[in-house]
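>>> Sequence first, predicted model second:
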Amino acid sequence: MTRFFVACVCIIAFFFCDGCRKTTPADSESTLTNPADAEEAALQVVGNLYGFYATYHKKGPTGWEDLKAQVAEVGEKTKKEALEAIKVVQVAGYKMKWGVDLPLMAKEGIKPDDYVIGESPDGRRKLMFSGNVKTTKAEE
């Protein structure tokens, strides 16, 4: 129960830390009007929810409903933002890996920043288990 409480507190703290995300020169423009940035922000939220769930349950969520249930008992504003982020990622058509075995990852020495849990339909944007988003440029 304590882990769940800590996870909820971390989720709430994440949403209140506006501006804590690393920015690049390309991000210096309006991040609210750039759809790619909004999608990346949503991916980071989903990645954090996925990580909190996996840490508490020792296994990744089995589907979107598990992620939605993860935010069921947080404040309304935080819950609304998390559910909107989940919807953005769902609508974008990301292919997610469900049910990741956290102890097996640790046993095999897989680093969270090297393990892909979500990928965009075009394969250029990847959500890592660490919550980071990696983007590759399209080949010309």
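Structure received.
>>> Number of residues surrounding Ala72?
Ala72: 10 surrounding residues under other CB atoms under 10 Å. Quick note: C-beta positions are derived from backbone N, CA and C, even for glycine.
>>> Leaving out the residues flanking it, which one is nearest to it?
Lys79 (7.4 Å; CB to CB, 6 or more residues apart in numbering).
>>> Give me the secondary structure label for the one you found.
helix (DSSP: H, G, I helix; E, B strand; the rest coil).
>>> when you give positions from now on, start the count at 57
With the count now opening at 57, the last piece we talked about shows up as Lys135.
>>> That one and Asp178, how far apart?
Lys135 sits 30 Å away from Asp178, going by CB to CB, to the nearest Å.
>>> Over to Ala98?
The value you get for Ala98 to Asp178, if CB to CB is used, is 17 Å.
>>> Over to Gly187?
Gly187 is 21 Å from Asp178, by CB to CB.
>>> thought Tyr106 was touching Ser186?
No - between Tyr106 and Ser186 there is no contact under CB atoms under 8 Å: 10.1 Å.
>>> Look at these two and report which has more neighbours.
When Tyr106 and Ser186 are compared for neighbours, Tyr106 comes out ahead with 24 against 15, by other CB under 10 Å.
>>> just to revisit the earlier point, more neighbours: which of Ala98 and Asp178?
Counted by other CB under 10 Å, Ala98 and Asp178 do not tie: Ala98 has more neighbours, with 24 against 9.
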